[in-house]
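Chemist: here is the input, now give the coordinates:
(chains A and B)
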Amino acid sequence: MSRTRPLVAVPFFPGSNDDRDAVSALERLGADARRVWHDEPALPDGTAAVVLPGGFSYGDYLRCGAIARFSPIMGAVTAFAADGGLVLGICNGFQILTEASLLPGVLRANESLTFVCRDVRVRVEQVETPFTSRCAEDEELTIPVKHGEGCWFADGDLRAELEANGQIVLRYAAGENPNGSVDDVAGVRNAAGNVFGLMPHPEHAVDPLLGSADGALILGSLIDAARLSNAALV
Amino acid sequence: MKATVLVRPKPGILDPQGQAVESSLRHLGFAVAEARVGKLVELEVKADDAADARAQLERMCEQLLANPLIESYEIELQDDT
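Modeler: Sure thing, here's the model as predicted:
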């Protein structure tokens, strides 16, 4: 494996607030992470992966992520994803990816209508992905959520299709669903497998001092995959 | 041309906001059921005629104003002549 630090771009928008945490976690886990303002038309040269961070882009106006998806940088992210580039969306990043139709389903107001901020346990349903390769099958991770609109929804037909394709990567463990998402879905990937979104925040769980280091398994998997894709380019 | 776009949660889609409003109205003593909360967007659109305006508004709804997975929309043109 190459020893280089793969370049991970972290696009941020007016209202993003987890971009610095994402950069800090990625750097600590071996990536060269760089924040990229939403107004940029292109990703930095050599970008090996993109992480769309959490927050409240554009004040969550209209629908969460609905306005951010039209930012100039999202054109570059969409093209990057279409070429097979690795894209991870965390919380608001997940919302942006569903609004951009890069991920299936939609994130709605929590069933409780309250903002939820606590650690949850999630079960890894798929380990053969660039985002969960460091996890064990059915492993339960403890990662915090903090959102008001994380209730993932897709109709029955779409859910059956996603299930059959192995696109449902993370589920809340029994009794842990913080938002009422259908089938306890916490994270999904696209059909090609290179785009993944989740509501929990792995970047807030990379040190036992913060309560859990399980998030490092997700971000570390992404960095492993980014390193390989970097090596493939060289 | 002035237009109003109504965006509603699709039937069958859980609407916790509607439920909260309904329960609040009940607490106030109103006998209500099936409350649903949507959005109303008022705007002015530059268009050659009503058909052009309507076509533009359809595109606005598809691209931004509504999420077709969970919402339906209705377009009203004020000076629809």
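Chemist: could I get the full set of strands for the chain?
Modeler: As the question left the chain open, I've gone with chain A. Ranges of strands within chain A are A:7-12, A:32-37, A:47-52, A:86-90, A:106-108, A:116-124, A:140-147, A:151-153, A:168-172, A:185-189, A:195-198, based on DSSP state E.
Chemist: hmm, no, I was thinking of chain B.
Modeler: Under DSSP E, chain B gives strands at B:2-9, B:39-44, B:71-77.
Chemist: these into TSV, with extra columns for mean neighbour count?
Modeler: (Each C-beta comes from the backbone N, C-alpha and C, glycine too.) As requested, those are exported to TSV (neighbours: other CB atoms under 10 Å in any protein chain shown):
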stretch	mean neighbour count
strand B:2-9	18
strand B:39-44	12
strand B:71-77	16
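Chemist: so what's residue B:79 closest to, chain neighbours aside?
Modeler: In space, and not counting its chain neighbours, residue B:79 is closest to residue B:1: 5.9 Å by CB to CB, 6 or more residues apart in numbering or on different chains.
Chemist: my guess is the one you found contacts residue B:47. True?
Modeler: Yes: between residue B:1 and residue B:47 a contact is recorded at 5.4 Å, counting by CB atoms under 8 Å.
Chemist: name the residues contacting each of those two.
Modeler: residue B:53 (CB atoms under 8 Å, 6 or more residues apart in numbering or on different chains).
Chemist: do you know how far the nearest residue to residue A:60 once chain neighbours are set aside is from residue A:91?
Modeler: Once flanking residues are discounted, residue A:60 sits nearest to residue A:149: 7.2 Å by CB to CB, 6+ apart. Residue A:149 sits 9 Å away from residue A:91, going by CB to CB, to the nearest Å.
Chemist: so these two - more neighbours on which side?
Modeler: Comparing residue A:149 with residue A:91 by other CB atoms under 10 Å in any protein chain shown, the one with more neighbours is residue A:91, at 28 against 22.
Chemist: what's the closest non-adjacent residue to that one?
Modeler: Closest residue in space to residue A:91, ignoring its immediate chain neighbours: residue A:54 at 3.5 Å, by CB to CB, 6+ apart.
Chemist: for chain A, what lies in contact range of chain B?
Modeler: Residues of chain A lying close to chain B by CB under 8 Å from any CB of the partner chain are A:62-63, A:66-67, A:70, A:99, A:105-106, A:108-113, A:153-155, A:180.
Chemist: from memory residue A:225 sits against residue A:133, does it?
Modeler: Yes: using CB under 8 Å, residue A:225 makes contact with residue A:133 at a distance of 6.9 Å.
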